[in-house]
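Participant: here's a sequence, model it:
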Amino acid sequence: MHCDFWELVGLAPAGGADNLLNEESDVDVQLNNRHMLIRGENVSKILKCFREHFFSQGYCEVIPET
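Facilitator: The predicted structure follows:
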């Protein structure tokens with residue numbers, strides 16, 4: 001990849017994702033930022049268990065084009 005121009009769109013929130021998503025966050029905030037939530041250790045492990053279960057039951061994974 002080659003880039004000859006880039007622009008900073010916006011700064012990350014102060015304190016990072018920990019200030020945005022924590023145990024006291026409202027459900028709406030968690031759902032709006034679920035792309036960040038699934039990167040956490042606990043949620044990631046839960047999703048991994050679901051994935052392993054479905055693979056063991058013979059399901060196949062389909063990744064659609066974006």
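Participant: which residue ranges of this structure form helices?
Facilitator: Assigned by DSSP state H, the helices in the chain fall at 17-20, 27-32, 34-37, 41-56.
Participant: what about those, which gets the closest to residue 66?
Facilitator: Proximity to residue 66 (C-beta to C-beta) singles out helix 34-37 among these, at 13.8 Å. Heads up, the C-betas are built off the backbone N, CA and C, glycines and all.
Participant: ok, residues contacting the closest one?
Facilitator: Outside helix 34-37, the residues that touch it by C-beta atoms under 8 Å, 6 or more residues apart in numbering are 17, 20-21, 30, 43.
Participant: could you do stretch 16-29 as well?
Facilitator: Here stretch 16-29 makes contact (C-beta under 8 Å, 6+ apart) with 13, 30, 33, 36-37, 39-40.
Participant: that older thread, for the contacts of helix 34-37, work out which two are farthest apart.
Facilitator: 20 and 43 (14.5 Å).
Participant: so which of the contacts of helix 34-37 wins on neighbours?
Facilitator: Ranked by neighbour count (other C-beta atoms under 10 Å), those have residue 21 at the top, with 19 neighbours.
Participant: thinking again about what came up before, list just the nearest of the contacts of stretch 16-29 to residue 62.
Facilitator: Among those, and counting by C-beta to C-beta, the member closest to residue 62 is residue 39, at 22.4 Å.
Participant: can you tell me the closest non-neighbouring residue to that closest one?
Facilitator: Spatial nearest neighbour of residue 39, excluding adjacent residues (C-beta to C-beta, 6 or more residues apart in numbering): residue 17 at 7.8 Å.
Participant: distance check, the one you found against residue 47.
Facilitator: 17 Å (C-beta to C-beta, to the nearest Å).
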